[in-house]
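A.B. asks: no FASTA, just this:
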């Protein structure tokens, strides 16, 4: 009876609220929530229709706050999905995902945008939407929805530095306006300067003025984008990329998406052509994957003794990778006809793994039944995808440079002030430079910044002109503010926000021989807020990085073997898209030492082309 009274009173409040009033949407959402509770208790179908209707009304209110519309669309989608109305659910998943960009509005500072993503549970919503599309047999749409809901930070930044060449030919004045406003917005997208966090001497009024200025810029940007879309051939300008374009990110090999939601776990497999193959994975669910991920991330000891590390490997890491092999990998490899047998022949088949949710923190390339002779790394060459959109952009940025334009930069810190020493970084960089020299790299285009030379300003400036870069230093993942993740240099931290703000036209290959360079945020796994993603976004289409701490003595061996393979045909015959193969061969060489356990080779991974 209390619920019926609450519904009656809320309906009266809604009726008395004028159209367009700021509170209209929130009253409707509250009414929908109470109606949903009523339906959950009584199960009457008429009670199911009522909250859906309330949410539909909210989703169509133009004056409503985006976060309120998103909440309504989210409720509508999940109610419909839970009760088997998949078509209705899919419709509203679309509505909600297209709103995420507004919920995390460019006018907000980075903290507010990150908080908004946490509040709308973006890490799961794209996966829910993809599962719904899969259940309807709309596999192309599943890929599009999943990609739309991931890496919102990088998508927003990418829109600001979009390629305007085609628009410039059609309407040069409009292109220049967009470019001007985009550059102003781009200058602060990865920082918190609008709250004064990086300008400690600003007064409140100064900070408010900057905030107002940014809001005005965002409004200008949105208005300009709408003007562009009014042009006949630009109606889809900066809109979600359709699947037929996304799949072109994978020209050789296959993308394997493993989508995990409360509604099920599925794999989607495709290449540049042909149909998408669907592999249901009924033997594992989201809760299982969360438990497995926690075993790797949460149970990993900090600064462990040899005994503690050995116990972690045997009790946590290896059982997790065995479960992934048994419940996921075997079914996928059977589907794509990868023989699951021991082989002495190095792998040739290229895979781009696209993990979601808790799988993001599990080294899929290291999954195996146990032992040294059979696992994913011995059967295929693995790369990882943050989004297909970012991979597609990386492929487009892969520029060919003449030898005289190639510039190699190495950064090393063997005795970082206030941090543990890394003596092997000297050997690592020296051996890499020898390989570079012997391949025919112009000596005057090789720069090595060591020790006190490797300051934040020097490294940041040198990055602007280099085409290949090798970091051999400490790396840190900020577990709260991802954009504060950083490389530790002689006089401080080179932060992810600074790196991501760069636009490097000559970048080709980056080797991040630094701990935790690809860790990411546990609460926002799909956002890829880590150093590897930032380096890739800044302009390096092929990146080698690390999932967790690496041994000081292992890094030089992996680096030497990687560069030796990558430059085996000299400077005239290299191909940066061969970096994943080079890393695979380097790790296989490292593993020839029986003392090298899985926790020592598994953290090395590749992103990009």
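C.D. replies: Nice, I can see it. Because the structure is a prediction, the values reported are computed rather than measured.

A.B. asks: from now on I want contacts and neighbour counts done on CA atoms only, so please keep to that.
C.D. replies: OK.

A.B. asks: distance of residue 497 from residue 93?
C.D. replies: As defined by C-alpha to C-alpha, to the nearest Å, residue 497 lies at a distance of 31 Å from residue 93.

A.B. asks: no, scratch that, I was asking about residue 592
C.D. replies: 49 Å.

A.B. asks: so for residue 497 and residue 93, which sits in the more crowded spot?
C.D. replies: Ranked by neighbour count (other C-alpha atoms under 10 Å), residue 497 and residue 93 place residue 93 first, with 28 against 22.

A.B. asks: phi, psi of the more buried one?
C.D. replies: phi -60, psi -40 (degrees, to the nearest 10).

A.B. asks: tell me the SS of residue 252?
C.D. replies: Secondary structure, DSSP: H, G, I helix; E, B strand; the rest coil: residue 252 is coil.

A.B. asks: contacting residues for it?
C.D. replies: Residue 252 sits next to 271-272, 350 when contact means C-alpha atoms under 8 Å, 6 or more residues apart in numbering.

A.B. asks: kindly report the same for residue 144.
C.D. replies: Neighbours of residue 144 in contact, by C-alpha under 8 Å, 6+ apart: 240-243.

A.B. asks: beyond the helix or strand containing residue 459, next helix or strand please.
C.D. replies: Residue 459 belongs to helix 456-463 when elements are defined using DSSP states H and E. Next in sequence after helix 456-463, counting helices and strands by DSSP H and E, comes strand 468-472.

A.B. asks: circling back: counting neighbours, which of the contacts of residue 252 comes out on top?
C.D. replies: For these, neighbours were counted using other C-alpha under 10 Å, and residue 271 has the most, 20 neighbours in all.

A.B. asks: does that residue really touch residue 255, like I thought?
C.D. replies: Yes - with contact defined as C-alpha atoms under 8 Å, residue 271 counts as touching residue 255 (6.2 Å).

A.B. asks: can you give me the strands in the stretch 401-550 of the chain?
C.D. replies: 408-412, 446-450, 468-472, 474-476, 486-489, 492-495, 509-513, 542-546 (DSSP state E, counting those that start in this stretch).

A.B. asks: next: the stretch 201-350 of the chain.
C.D. replies: Along the stretch 201-350 of the chain, the segments classed as strands by DSSP E, counting those that start in this stretch run 254-261, 264-270, 277-280, 350-355.

A.B. asks: next, format those as CSV and append distance to residue 596 and mean pLDDT.
C.D. replies: Shown next, in CSV, are the strands of the stretch 201-350 of the chain (distance: least, C-alpha to C-alpha, whole Å; pLDDT from 0 to 100):
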stretch, distance to residue 596, mean pLDDT
strand 254-261, 28, 98
strand 264-270, 31, 98
strand 277-280, 34, 98
strand 350-355, 24, 98
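
A.B. asks: among those, which comes closest to residue 149?
C.D. replies: Set against residue 149 and scored by C-alpha to C-alpha, the strands of the stretch 201-350 of the chain come closest in strand 254-261, at 12.4 Å.

A.B. asks: can you say which of the strands of the stretch 201-350 of the chain is nearest to residue 443?
C.D. replies: Ranking these by proximity to residue 443 (C-alpha to C-alpha) places strand 350-355 first, at 33.4 Å.

A.B. asks: direction included, what does the closest one pair against?
C.D. replies: In the sheet, strand 350-355 lines up against strand 254-261 (parallel), strand 381-384 (parallel) (DSSP bridges).

A.B. asks: and residue 86, which of the ones you listed is closest to it?
C.D. replies: Closest to residue 86 of the strands paired with strand 350-355 is strand 254-261 (C-alpha to C-alpha; 15.0 Å).

A.B. asks: how far does the closest one sit from its chain's centre?
C.D. replies: Using C-alpha atoms, centre = their mean, to the nearest Å, the distance from the centre of strand 254-261 to the centre of the chain it belongs to is 14 Å.

A.B. asks: got the contact list for it?
C.D. replies: Here strand 254-261 has contacts from 124, 127-128, 130-131, 265-272, 285-286, 350-357, using C-alpha under 8 Å, 6+ apart.

A.B. asks: quick one: buried residues of stretch 226-240?
C.D. replies: Residues of stretch 226-240 classed as buried by neighbour count (16 or more other C-alpha atoms under 10 Å): 228, 234, 237-238.

A.B. asks: same check, this time on stretch 380-399
C.D. replies: For stretch 380-399, burial by neighbour count (16+ other C-alpha under 10 Å) applies to 380-395, 397-398.

A.B. asks: how about stretch 443-463?
C.D. replies: The neighbour-count check on stretch 443-463 (16+ other C-alpha under 10 Å) flags 446-451, 453-456, 459-460, 462-463 as buried.

A.B. asks: now render those as JSON lines, adding pLDDT and distance to residue 609.
C.D. replies: What follows is these, written out as JSON lines (pLDDT from 0 to 100; distance: C-alpha to C-alpha, whole Å):
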{"residue": "446", "pLDDT": "97", "distance to residue 609": "24"}
{"residue": "447", "pLDDT": "97", "distance to residue 609": "25"}
{"residue": "448", "pLDDT": "97", "distance to residue 609": "26"}
{"residue": "449", "pLDDT": "98", "distance to residue 609": "27"}
{"residue": "450", "pLDDT": "97", "distance to residue 609": "29"}
{"residue": "451", "pLDDT": "96", "distance to residue 609": "32"}
{"residue": "453", "pLDDT": "97", "distance to residue 609": "31"}
{"residue": "454", "pLDDT": "97", "distance to residue 609": "29"}
{"residue": "455", "pLDDT": "98", "distance to residue 609": "30"}
{"residue": "456", "pLDDT": "98", "distance to residue 609": "28"}
{"residue": "459", "pLDDT": "98", "distance to residue 609": "25"}
{"residue": "460", "pLDDT": "97", "distance to residue 609": "24"}
{"residue": "462", "pLDDT": "97", "distance to residue 609": "24"}
{"residue": "463", "pLDDT": "97", "distance to residue 609": "20"}
